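Enquirer: Generate a structure from the sequence data that follows.
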Amino acid sequence: MANYTAADIKALRESTGAGMLDVKKALDEADGDKAKATEILRVKGLKGVTKREGRTTSNGLVTAKAEGGVGTLVEVLCETDFVAKGEKFIALADQVLAAAVAAGAADADALLAADSGDGKTVKELLDDANATIGEKIEVKRVGRVEAPVVVSYLHKTSPDLPAQIGVLVGGEGDESTLRDVAMHIAAFSPTVLTRDEVDAETVENERRVAEATAKEEGKPEAALPKIVEGRVNGFFKENVLLEQPFAKDAKKTVAKVTEETGTTVAAFERFRVGA
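Expert: All right, here's what the predicted structure looks like:
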């Protein structure tokens, strides 16, 4: 007769994140010894890490921390939403974020090489989680913003999932305004802060498309320059943060709102899971 109880199964599932059948098999093999069963799950799981490398990670979460003029944003991915909303995966992401903050990591490679806080690198931590949970788990992106004032904002796109959109905003002035801007960025997904950051090739391509479209629509030749300029400006309003109509008051641009409160935005980062 098996030398373990239903409570042992539950405890081992919670501590490892492994499935019911895998946990029962490990406890059977370990004759009820939970420490040995945990090691069995880890060893068997690690054998499957390489096999999982080619799998798609389209679920997960974003997590962030901002304090002392520094903000860190991390995207941690997994394969299924079932794992993404599990306590073990969320706790893992919190540990990864803490490691990113401690190491001052600004990209995924730096974070993977960092100390996870328990004597392992973050990569080793993820490999262990990959083994016990049974899904491919990876850090996709890391964002870092430094400024006199940095705020973070996390947004849930579904009530039963962890945050899927994360934003950092750095600048000077009113923290409340910067927080409003962070919420705006989450909703309107700008790609750059100012139009100067849009490369010339992209702008030229927008001009070509706008002109070709106007000609196809039969617009008068004399009106083309004005039409093209208007459509290019429309492109900027859609993609440039400071030129976007503000989420809370579409009659004003983000630049106007920040100006009115004596606030400046210096940088931002926005991650959406899987995007």
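Enquirer: Domains in this protein, by residue range?
Expert: Per automatic domain parsing, the structural domains of the chain span 6-47, 59-192+263-272.
Enquirer: Which of those has the lowest mean pLDDT?
Expert: Per-segment mean pLDDT for the domains of the chain reaches its minimum on domain 6-47, at a mean of 78.
Enquirer: Could you dump the domains of the chain into a markdown table and include distance to Glu204?
Expert: C-beta coordinates here come from the backbone N, C-alpha and C atoms, glycine included. Converted to a markdown table, the domains of the chain look like this (distance: least, C-beta to C-beta, whole Å):
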| stretch | distance to Glu204 |
| --- | --- |
| domain 6-47 | 50 |
| domain 59-192+263-272 | 16 |
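Enquirer: winner for burial among these?
Expert: Most buried of the domains of the chain by mean neighbour count (mean count of other C-beta atoms under 10 Å) is domain 59-192+263-272; its value is a mean of 19.
Enquirer: Quote the end-to-end distance of that one.
Expert: With C-alpha to C-alpha, to the nearest Å as the measure, domain 59-192+263-272 spans 10 Å from end to end.
Enquirer: coming back round to it: which one of the domains of the chain lies closest to Ala255?
Expert: Set against Ala255 and scored by C-beta to C-beta, the domains of the chain come closest in domain 59-192+263-272, at 8.6 Å.
Enquirer: Give me the distance from the closest one to the chain's centre.
Expert: Relative to the centre of its chain, domain 59-192+263-272 is centred 5 Å away, using C-alpha atoms, centre = their mean, to the nearest Å.
Enquirer: So which of the domains of the chain is nearest Glu216?
Expert: Nearest to Glu216, of the domains of the chain and by C-beta to C-beta, is domain 59-192+263-272 at 26.5 Å.
Enquirer: Nearest residue to Thr253 in space, please, no chain neighbours.
Expert: Counting by C-beta to C-beta, 6 or more residues apart in numbering, Thr253 lies nearest to Glu243, which is 5.8 Å off, once chain neighbours are set aside.
Enquirer: can you tell which of the domains of the chain is closest to Gly234?
Expert: Closest to Gly234 of those, according to C-beta to C-beta: domain 59-192+263-272, at 13.9 Å.
Enquirer: residue contacts, Thr191?
Expert: Residues in contact with Thr191 (C-beta atoms under 8 Å, 6 or more residues apart in numbering) are Asn239, Val240.
Enquirer: can you give me the helices in the stretch 51-200 of the chain?
Expert: 81-84, 87-103, 108-113, 122-133, 175-188, 200-216 (DSSP state H, counting those that start in this stretch).
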